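Novice: Here's my sequence, what's the structure:
(one chain, ligands or ions: 1)
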Amino acid sequence: MNGKGCGGRDASRNDGAAKVGGLSAAEFASLDELAVKLSAIDAAFAAPLEAIGRALGSRIATQHGRQPLAFDDALPDLFLACGFQDMIQWRFLDQRPDGARLLISGCADALGWDIPQVGRAVCGFDAALMEGFLRGITGIASWTVKELACLGLGNTACEFVIRSGHGDPDGAL
Ligand SMILES: [Zn+2]
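Specialist: Below is the predicted model of the structure:
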């Protein structure tokens, strides 16, 4: 896959356009994997990783070029941009105009290692990535994404609650 260690730079540099918020697809995949690993190692990594995820999601929205998008259309576009569609399975539960529950599975297979049960959710980077992207792409700043169930908690899949604080996705900012 991606270049490892100090010698990995040339490999990633040639890995296509920097399309994922300024990162190549391989760089993004490495970052996403590292974010899960760091979150599992120590809860102290959670806040800075969420800040990075939110900023990166915002950048991906800016680069998207089709704004504003409705919520229904937005997340599939994000997953496509991030290359998730070939790696994980996802589906909406309880989808409404102002939010949804999102179930994601297959992460351990995509990572190639088992996410350890550490008693806390470890996908805060991804939650914040979705949050930053939704805020940017919909033009509604009140979107929040929280992870309820997670492999890190011992659940069989990860589940995110996605909400617009306004309760009105068509409302202006
Ligand atoms: Zn998770």
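Novice: secondary structure class for I60?
Specialist: Secondary structure state of I60, per DSSP: H, G, I helix; E, B strand; the rest coil, is helix.
Novice: Can you tell me, leaving aside adjacent residues, what's nearest to it?
Specialist: Spatially, and ignoring its direct neighbours in sequence, I60 is nearest to G21 (4.3 Å; Cβ to Cβ, 6 or more residues apart in numbering). Yep, even glycine has a C-beta here, placed from its N, CA and C like the rest.
Novice: contacting residues around the spatially most central residue of the chain?
Specialist: Averaging the C-alpha coordinates of the chain gives a centre point, and the residue nearest to it by Cα atoms, centre = their mean is D126 (2.8 Å). Contacts of D126 were listed using Cβ atoms under 8 Å, 6 or more residues apart in numbering, and they are 32, 35, 53, 104, 147, 160.
Novice: And A74, by the same measure?
Specialist: For A74, the set of contacting residues under the criterion of Cβ under 8 Å, 6+ apart consists of 133-134, 137-138.
Novice: what separates it from L151, distance-wise?
Specialist: Here A74 is placed at a distance of 25 Å from L151 (Cβ to Cβ, to the nearest Å).
Novice: what's the following helix or strand after the lowest-mean-pLDDT helix or strand in the chain?
Specialist: When the helices and strands of the chain are compared on mean pLDDT, DSSP states H and E, helix 9-13 comes out lowest with a mean of 44. Counting by DSSP states H and E, the next helix or strand C-terminal to helix 9-13 is helix 25-41.
Novice: Can you pull the poorly scored residue ranges out of this structure?
Specialist: Counting by pLDDT under 70, the ranges of the chain that qualify are 1-18, 166-173.
Novice: Return the residues of it in contact with the ion.
Specialist: Taking Cβ under 5 Å from the ion as the criterion, the neighbours of the ion within the chain are 123, 150, 158.
Novice: separation between the second one and A157?
Specialist: So the one you mean is C150. With Cβ to Cβ as the criterion, C150 and A157 are 9 Å apart.
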